[in-house]
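*Asks:* I'd like to go over a predicted model; first the sequence, then the structure.
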Amino acid sequence: MSEMEWSDGLDDEQRRAVEHGATPLVVAAGAGTGKTRTLTARVARLLDAGVPPERVLLLTFTRRAAAAMTTRAAAACARPEAAGRLWGGTFHAVAHRLVAEHAPHLGLADVTVLDPGDVTDLLDLIREEHGLTGTGRRLPTSQSIADIYSRAVNTGTPARRLMAEQFPWCLPHADAITGLLRDYGTRKRARGLLDFDDLLLYWRALLDDERVGPRLRARWDWVLVDEYQDVNRVQVDIVRGLRPDGDGLTVVGDDAQAVYGFRGASPEHLLSLLDDLPKASLVRLERNFRSTQPVLDLANVARPGELRLRLVADRGAAGERPRVIRCRDADDEARQVADAVLAAHQEGLDLREQAVLMRTGTHSHQLEIELKVRSIPFVKYGGIGYLETAHVRDVLAAFRLALNPADEVSWYRLLTRHRAIGKAGARTLAGILSGTDEGRYDEALRTASDKARPGLAATLDQLRTAQSADATAAVVEACHAAVLPLLRVHYADWSRRSADIERLVESAAGGSDLRAFIADATIDPANVAGDWAKQPYLDEDYLTLSTIHSAKGLEWSAVHLIRASDGAIPSDMALTSDAGLAEEERLFYVAVTRARDTLHVYSPGRLPTHPTSFHARHVLAKPSRFLTPEVLAVADRVDVTRPAAPVDIDTDIGIDSDIDCAASRSATPVTVPSMDELFG
Ligand SMILES: Nc1ncnc2c1ncn2[C@@H]1O[C@H](COP(=O)(O)OP(=O)(O)OP(=O)(O)O)[C@@H](O)[C@H]1O
């Protein structure tokens with residue numbers, strides 16, 4: 001009945017991909033060519049052909065994408081019940097399900113997942129033992145150490161080499177850091193803790209195991225992977241382990257949109273799949289359903305990568321040429337953007353249809369001030385994800401303590417939220433509270449300072465109640481009561497955060513399995529805030545400010561790309577390596593392909609040396625090297641600089657890159673290979 005529905009409106013190439021048989025299929029899909037629609041239709045076709053939903057595994061980069069695709073696929077073939085039976089989710093979520101299912105084979109009594117913030121907390125907790133505390137000299141942050149760990153594990157690079165190449169300021173502490181990282185691995189194993197990288201390493205180990213591997217492989221006939229250009233080495237091994245000869249495998253990706261090199265991803269993985277699987281077919285999607293041809297003309301000349309896709313607009317040749325706007329400085333840039341946004345709004349374009357994209361979250365500081373002054377509501381995404389969800393993680397820490405009073409990392413986290421408890425005090429108290437001693441709560445109170453004691457006593461009271469409660473709702477309520485006063489102490493914007501927390505608490509209390517709730521919320525933290533956060537402080541209509549990373553996969557009618565100056569895009573942090581520079585070029589491509597109708601690219605000639613200070617020194621900046629003569633030839637150039645601004649010297653600006661983290665390993669009957677050799 002439903003063929004028409006799932007195949008409705010597909011173009012010829014999309015249809016070829018959807019109707020392809022069981023041999024391996026690589027879909028090279030340019031920006032805006034309907035990857036999502038194609039993958040969804042392929043799943044729907046499989047279901048329509050009678051494939052049992054549980055034989056299909058769909059791996060995506062966000063939970064939201066998986067949910068949307070499985071629901072739509074099931075609906076398109078009139079089998080809504082199939083949505084819940086399909087295996088769909090992020091690599092980490094599916095890994096968690098499988099690792100939990102095979103916990104006994106892995107020698108794990110329980111599976112407790114550490115999110116990237118917990119990893120930093122655990123490193124913070126144990127760094128003192130490795131001589132990495134004190135105020136006598138500048139020391140690497142726990143965040144930097146977590147980054148070193150994760151990159152070493154994800155790329156198989158020894159930590160010392162990695163430090164020499166990418167974290168030179170950490171090299172004087174190399175011995176202490178490698179010692180700390182070995183200890184980190186040991187502690188995790190001893191406590192049954194798994195970080196995000198462990199989830200993938202354990203999944204790979206299960207596939208490599210001679211008893212479990214064949215059973216896992218036999219579970220699915222069809223494996224579909226979205227955004228394959230963003231998989232790392234371990235994820236490649238998992239996909240190949242699931243479908244060794246490639247039969248039933250479909251991967252979709254775009255080598256020009258690979259932007260997760262810092263997590264060990266590489267566009268090479270997409271390209272090498274074609275070499276590794278001789279039976280593989282390649283379908284190229286080049287018809288773009290998003291943008292006007294003038295926007296695509298710019299995207300096509302800016303496009304890096306091997307696949308050489310040339311996008312053609314389904315909408316025909318008409319459209320406004322992109323503009324490259326040369327402005328004097330960051331303030332000027334902010335005014336230009338605000339003017340353009342308001343002008344478009346006056347002409348009827350909702351703010352929601354407009355976005356400002358930037359390489360790094362700190363680039364919009366001047367613009368945010370300008371928007372506030374001119375009463376333009378906006379919401380900002382990216383770059384501050386973990387800080388934004390810090391309060392969510394505080395509640396999760398309380399939930400974990402309700403289930404497991406020996407969880408030292410969660411104690412540490414909650415203790416650092418108290419008035420008058422610093423990191424050193426939190427380390428000592430976490431050691432006491434996570435012990436087995438009957439009188440540990442009293443001992444902790446005796447150890448705490450006079451100032452800290454009342455707050456700590458209140459927290460411990462509530463947690464004791466939570467630990468002895470049976471019903472999930474009662475556990476959740478006591479945890480909520482424990483955390484609320486801490487939010488007030490710790491966060492200036494606590495009232496907004498406590499509104500978020502109420503949603504989260506309601507949702508947790510409504511379920512029966514708090515353990516599963518915690519695991520879900522830990523594995524997909526950004527979605528937790530997105531799904532449950534109320535946003536009462538926003539107008540109905542607001543402008544989006546986003547890092548390019550967070551804008552991936554999204555689209556707006558009008559896109560303003562700011563700071564297209566060398567040192568910002570490409571980020572000066574990336575200029576030291578060819579690979580880094582290539583990734584910046586792909587980010588530029590991702591940014592320009594988000595625009596449907598209007599694309600404005602701004603290039604200030606002077607940039608502040610510090611993102612937030614009003615008295616910051618300014619340095620001169622060249623236009624981004626990605627604004628090549630070919631790019632400029634397909635754009636209208638607008639110069640709003642004053643003649644006085646010279647622009648021909650090198651940049652010297654210190655701009656952070658927004659970097660994610662995570663880290664990992666462990667062992668037992670199913671052998672997970674040791675990563676310790678990386679930390680020698
Ligand atoms: N066959 C089609 N006919 C009409 N519109 C389509 C078709 N396929 C996709 N689209 C539309 O094109 C737009 C882009 O699709 P989608 O978001 O799936 O692209 P994408 O390939 O994932 O893009 P990107 O890689 O840039 O994120 C969407 O608005 C989608 O509805």
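*Replies:* Great, that's in hand.
*Asks:* what number of residues lie near Ala164?
*Replies:* Residues near Ala164, counting by other C-beta atoms under 10 Å, number 13. From N, CA and C alone the C-beta is placed, and that goes for glycine too.
*Asks:* any idea how far it is from Glu583?
*Replies:* Applying C-beta to C-beta, to the nearest Å, one obtains 20 Å for the distance of Ala164 from Glu583.
*Asks:* same question for Thr71.
*Replies:* Thr71 sits 33 Å away from Glu583 when distances are taken as C-beta to C-beta.
*Asks:* of those two, who's got more company?
*Replies:* When Thr71 and Glu583 are compared on other C-beta under 10 Å, the one with more neighbours turns out to be Glu583, at 23 against 17.
*Asks:* touching, that one and Gln257? I think so.
*Replies:* No. With contact taken as C-beta atoms under 8 Å, Glu583 and Gln257 are classed as non-touching, separated by 10.6 Å.
*Asks:* give me the element the nearest residue to Val505 once chain neighbours are set aside is part of.
*Replies:* What sits nearest to Val505 in space, not counting adjacent residues and going by C-beta to C-beta, 6 or more residues apart in numbering, is His480, at 4.7 Å. When elements are assigned from DSSP states H and E, His480 belongs to helix 472-490.
*Asks:* now do that helix: which elements does it pack against?
*Replies:* helix 390-403, helix 408-415, helix 453-468, helix 494-510, helix 514-523 (3 or more C-beta pairs under 8 Å, 6 or more residues apart in numbering; DSSP states H and E).
*Asks:* quick one, which of those is nearest to Asp124?
*Replies:* Taking C-beta to C-beta, helix 408-415 is the member of the helices and strands packed on helix 472-490 nearest to Asp124, at 7.1 Å.
*Asks:* after the closest one, which helix or strand is next?
*Replies:* Criterion used, DSSP H and E; the element after helix 408-415 is helix 423-433.
*Asks:* tell me how far the closest residue to Arg335 other than its chain neighbours lies from the ligand.
*Replies:* Once its chain neighbours are removed from consideration, Arg335 has its nearest residue in Glu370; the separation is 6.1 Å (C-beta to C-beta, 6+ apart). In this structure, Glu370 lies at 29 Å from the ligand, with C-beta to the nearest ligand atom, to the nearest Å as the measure.
*Asks:* please state the offset of the host helix or strand of Glu370 from the chain centre?
*Replies:* Secondary-structure assignment from DSSP H and E places Glu370 in helix 365-373. Here the centre of helix 365-373 is set off from its chain's centre by 26 Å, with C-alpha atoms, centre = their mean, to the nearest Å.
*Asks:* listing partners with orientation, what would you give for the helix or strand immediately after that helix in the chain?
*Replies:* Helices and strands here follow DSSP H and E; after helix 365-373, the next one along the chain is strand 378-381. Using DSSP bridges, strand 378-381 pairs in its sheet with strand 543-547 (parallel).
*Asks:* which elements pack onto the helix or strand just after the strand it pairs with?
*Replies:* Next along the chain after strand 543-547, taking DSSP H and E as the criterion, comes helix 548-551. If you count contacts as 3+ C-beta pairs under 8 Å, 6+ apart, helix 548-551 packs onto strand 354-358, helix 578-592.
*Asks:* rerun that using 6 Å as the cut-off
*Replies:* In this structure, helix 548-551 packs against helix 578-592, with contacts taken as 3 or more C-beta pairs under 6 Å, 6 or more residues apart in numbering; DSSP states H and E.
*Asks:* picking that back up, so which bits of the helix holding His480 are buried?
*Replies:* By neighbour count, and taking 16 or more other C-beta atoms under 10 Å as the criterion, the buried residues in helix 472-490 are 472-473, 475-487, 490.
*Asks:* export the helices and strands packed on helix 472-490 as TSV, with columns for mean neighbour count.
*Replies:* Below are these laid out as TSV (neighbours: other C-beta atoms under 10 Å):
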stretch	mean neighbour count
helix 390-403	24
helix 408-415	26
helix 453-468	17
helix 494-510	17
helix 514-523	20
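*Asks:* nearest approach to Ser571 belongs to which of the ones you listed?
*Replies:* Set against Ser571 and scored by C-beta to C-beta, the helices and strands packed on helix 472-490 come closest in helix 390-403, at 25.1 Å.
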